[in-house]
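In: Give me a 3D structure for the following:
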Amino acid sequence: MSTGKKFKAALSKVDRTKKYTAEEAVKLALETKYTKFDETVDVAFNLGVDPKHSDQMLRGAIVLPHGTGKKSKVLVFAKGEKASEAEKAGADYVGAEDLVEKISGGWLDFDAVIATPDMMKVISKLGKILGTKGLMPNPKVGTVTMDLERAVREHKAGRVEYRTEKTGIIHTVIGKTSFGEKKLVENFQAILAEVHRIKPSSAKGIYIKAATLSTTMGPGIKLDTNLL
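Out: Okay, here's the model as predicted:
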């Protein structure tokens, strides 16, 4: 059966007129999986916020209870004792000007970048390269910090960053299909709690307008926002 036919078969199992509970959606997403690889499970929240207003541009990070299922390669810009701290915490790459030169040459074999505040001037020239990849260190999400041990360990443990897109949507991963229902639901609940926690006081009307859960190759499954 072709991929197109497999997708249609999976789609036919999803009631497009129904909005599912998180538990139902996760179960259905796993039942409709038709690929052999371990797909990522994502959730997207369409929020009643206007990112044009700075207080409604939501951005942050959370460590999921069961991680993301992805081994994250962490790069740290630091010197001296802080470089040693990062290495002991498990950072994959630690350096300063040498790493700036390497990245400027096109090397991007890492998933997260953390830096001590004093290193920001050194890596400022990488703004365009790291910025387009969403990797530029930022104090708002805890990637510019003196607590390198905690930052590195969180990224290794399954930390996910989020930010509202121009349309007010937050899109994030909640794990892999191999996690099974229980772990995926618990990761989803952690993300949902975070979404509620960051609700801006200036947001008016319905906050969670819509939410959809899906696997990498699977159809979108609408969630019942009345239960969220």
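
In: how close does the closest residue to residue 95 other than its chain neighbours sit to residue 52?
Out: When the adjacent residues along the chain are set aside, residue 95 lies closest to residue 77, with 7.0 Å between them (C-beta to C-beta, 6 or more residues apart in numbering). All C-beta atoms are positioned from the backbone trio N, CA, C, and that covers glycine. Going from residue 77 to residue 52 by C-beta to C-beta, to the nearest Å gives 32 Å.

In: These two: which is more packed in?
Out: Taking neighbours as other C-beta atoms under 10 Å, residue 77 and residue 52 compare with residue 77 leading, 27 against 9.

In: Got the confidence number for that one?
Out: We have a pLDDT of 98 for residue 77.

In: show me the contacts for it.
Out: Contact partners of residue 77, counting by C-beta atoms under 8 Å, 6 or more residues apart in numbering, are 95-96, 99-100, 113-116, 119, 122-123, 137.

In: again, but for residue 23
Out: Contact partners of residue 23, counting by C-beta under 8 Å, 6+ apart, are 181, 185.

In: Try it again at 7 Å.
Out: The contact partners of residue 23, by C-beta atoms under 7 Å, 6 or more residues apart in numbering, come to residue 185.

In: about what we covered before: tell me what the residue nearest to residue 95 is bridged to.
Out: Beta-bridge pairing for residue 77 (DSSP bridges): residue 95, residue 115.

In: and the gap between it and residue 216?
Out: Distance, residue 77 to residue 216, using C-beta to C-beta: 32 Å.

In: Same check on residue 57?
Out: In terms of C-beta to C-beta, residue 57 sits 27 Å off from residue 216.

In: Check residue 51 too.
Out: According to C-beta to C-beta, residue 51 stands 26 Å off from residue 216.

In: ditto for residue 225
Out: In this view, residue 225 and residue 216 are 23 Å apart by C-beta to C-beta.

In: Which stretches in the chain count as helices?
Out: Remark: helices assigned in the chain by DSSP state H are 3-12, 22-31, 80-89, 97-104, 120-123, 127-132, 148-157, 181-197.
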